[in-house]
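Peer 1: Have a look at this prediction, sequence included:
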Amino acid sequence: MSVWLQAWMITETTQKGQALEVVRCLENVNRELDLVRKGMNQATFSSSLYENAISAFEEAASPMLLPHTWSSVRQYLTPQNIISLEYCSEILPDEEALVPSDELSEILGLVSELRDAANSENIPAILKAIMLHHVELIEKAIASYPITGVKALKVAVQTGIGELYLSKNVVIEHKNTPELSKLAEVWEKVSDAADTALKLDKLVQVSQRAWNFIETICNGA
């Protein structure tokens, strides 16, 4: 599991927390691989060109292998399977631009400021809970970005804005506070980053991310 922890830069300190975060990331990988399969099916290419490779990577990303050594995972990451997935990345359309790393770092810096604001003295408990939950939403979205791409940010924005609407009484009560102003600033930055990166609002551009991620794992293991 240590390779996954390093690959996703998971900062959880307890074994239970680490395992839960790794499983969440592996679920993202499997969803992306399934989208690769569906994209290739829609492109009417023979499944013999990619099905074995995708199935192998699904085995590698199985939570069932977490108790085992990295060699149990590595056996599925053969050069042939990697080339097959790279082949998929050349076929499926490139529909989004990358969010620059410095922009992601800027967002994380704002999130850190938001956490500090939420932990300040005299802040109402309900507002603190909302802010800290939104900190968690954004941090998980950025952690998922290397796997799922910009849709992780878009889903976080939609979830966050929806929750703020449902908590509109709290928002209205504290609308002029520095804390809510900071929360709005963070969400605006996340939304801008996602909107800039998305060229088309679809969920098909997955293979290049999957390939880049797996390549990083293989080179770093």
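Peer 2: That came through, no problem. Residues are numbered from 1 along each chain as shown.

Peer 1: Please tell me how far N169 sits from W4.
Peer 2: Between N169 and W4 the distance, using Cβ to Cβ, to the nearest Å, works out to 41 Å. For every residue, glycine as well, the C-beta is placed using N, CA and C.

Peer 1: Quick check on those two: which one has the bigger neighbour count.
Peer 2: Per other Cβ atoms under 10 Å, whichever of N169 and W4 has more neighbours is W4, with 22 against 9.

Peer 1: How many neighbouring residues does T177 have?
Peer 2: 14.

Peer 1: Excluding chain neighbours, what is closest to it?
Peer 2: L127 (7.7 Å; Cβ to Cβ, 6 or more residues apart in numbering).

Peer 1: Check which helices and strands the helix or strand harbouring the one you found sits against.
Peer 2: Using DSSP states H and E, L127 sits in helix 125-148. Contact partners of helix 125-148 among helices and strands, from 3 or more Cβ pairs under 8 Å, 6 or more residues apart in numbering; DSSP states H and E: helix 15-42, helix 101-118, helix 151-166, helix 168-173, helix 178-197, helix 207-220.

Peer 1: tell me which strands and helices the third one is in contact with?
Peer 2: To tie it back to what came earlier, the one meant is helix 151-166. Contacts defined by 3+ Cβ pairs under 8 Å, 6+ apart place helix 151-166 against helix 125-148, helix 178-197.

Peer 1: Any buried residues in that helix, and which?
Peer 2: Within helix 151-166, the residues scored as buried using 16 or more other Cβ atoms under 10 Å are K151, A152, L153, K154, V155, A156, V157, G160, L164.

Peer 1: picking up where we left off before, next up, the contacts around the residue nearest to T177.
Peer 2: Counting by Cβ atoms under 8 Å, 6 or more residues apart in numbering, L127 touches A118, V170, H174, T177, E179, L180.

Peer 1: From A118, how far out is the third one?
Peer 2: When you say that, I think you mean H174. For H174, the distance to A118 - Cβ to Cβ - is 12 Å.
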